[in-house]
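# Using only what follows, build the 3D model:
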Amino acid sequence: MEVPLAAAEVDHFFPWILKERGEMRDADNIWNLVLACRTCNRGERGKFASVPKPWLVARLHERNNRLVDSHHPLRETIMLQTGTDADARASFLRARQQIARDHLIHEWEPWEQDSDNA
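Sure thing, here's the model as predicted:
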């Protein structure tokens with residue numbers, strides 16, 4: 001789903017409330033920040049304090065790997081925060097996903113999925 005940039009905002013992939021509760025102190029780090037449409041972030045069916053579904057975690061892993069592989073300016077930061085290779089980064093995200101599952105009740109996915117995940 002294409003979202004106009006004006007309708008996008010920065011969102012915590014794993015909800016910020018986990019940081020507030022002391023369960024995920026690194027929730028403000030770049031690895032966890034994504035662009036989201038306002039409706040997905042705050043709308044009636046928005047994410048709020050829910051765990052993103054596994055296919056969304058896989059997309060975050062792909063995004064972080066693309067940034068590392070492309071030598072993006074955020075490359076070093078992501079590697080320092082999540083691991084130096086793809087396996088370490090996948091393990092890091094699995095651990096964060098488990099923390100979220102342990103402390104939050106609901107899973108979430110966007111109401112309107114793009115055609116790759118429908």
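
# CA only for contacts and neighbour counts going forward, please
Fine.

# Quick check: the gap between the closest residue to residue 110 other than its chain neighbours and residue 11.
Closest residue in space to residue 110, ignoring its immediate chain neighbours: residue 40 at 6.0 Å, by CA to CA, 6 or more residues apart in numbering. Relative to residue 11, residue 40 is positioned 10 Å away (CA to CA, to the nearest Å).

# and what of residue 33?
From residue 33 over to residue 11 the distance is 6 Å, taken as CA to CA.

# is it true that the residue nearest to residue 110 touches residue 52?
No: the criterion here is CA atoms under 8 Å, and residue 40 misses it with residue 52 at 11.3 Å.

# In which helix or strand does residue 111 reside?
Taking DSSP states H and E as the criterion, no element holds residue 111; it sits outside all helices and strands.

# if I read this right, it contacts residue 44, doesn't it?
No: checked against CA under 8 Å, the pair residue 111 and residue 44 is beyond contact range at 10.1 Å.

# What's the local residue count around residue 10?
13 (other CA atoms under 10 Å).

# Could you report the distance from the nearest residue to it once chain neighbours are set aside to residue 19?
Closest residue in space to residue 10, ignoring its immediate chain neighbours: residue 35 at 4.7 Å, by CA to CA, 6+ apart. Per CA to CA, residue 35 is found 19 Å from residue 19.

# Flag every buried residue along the lowest-mean-pLDDT helix or strand in the chain.
Each helix and strand of the chain was given a mean pLDDT (mean pLDDT, DSSP states H and E); the minimum falls on helix 38-42 at a mean of 81. Within helix 38-42, the residues that count as buried by 16 or more other CA atoms under 10 Å are 38, 40, 41.

# Could you check how far it is from the centre of its chain?
The chain centroid and the centroid of helix 38-42 are separated by 14 Å under CA atoms, centre = their mean, to the nearest Å.
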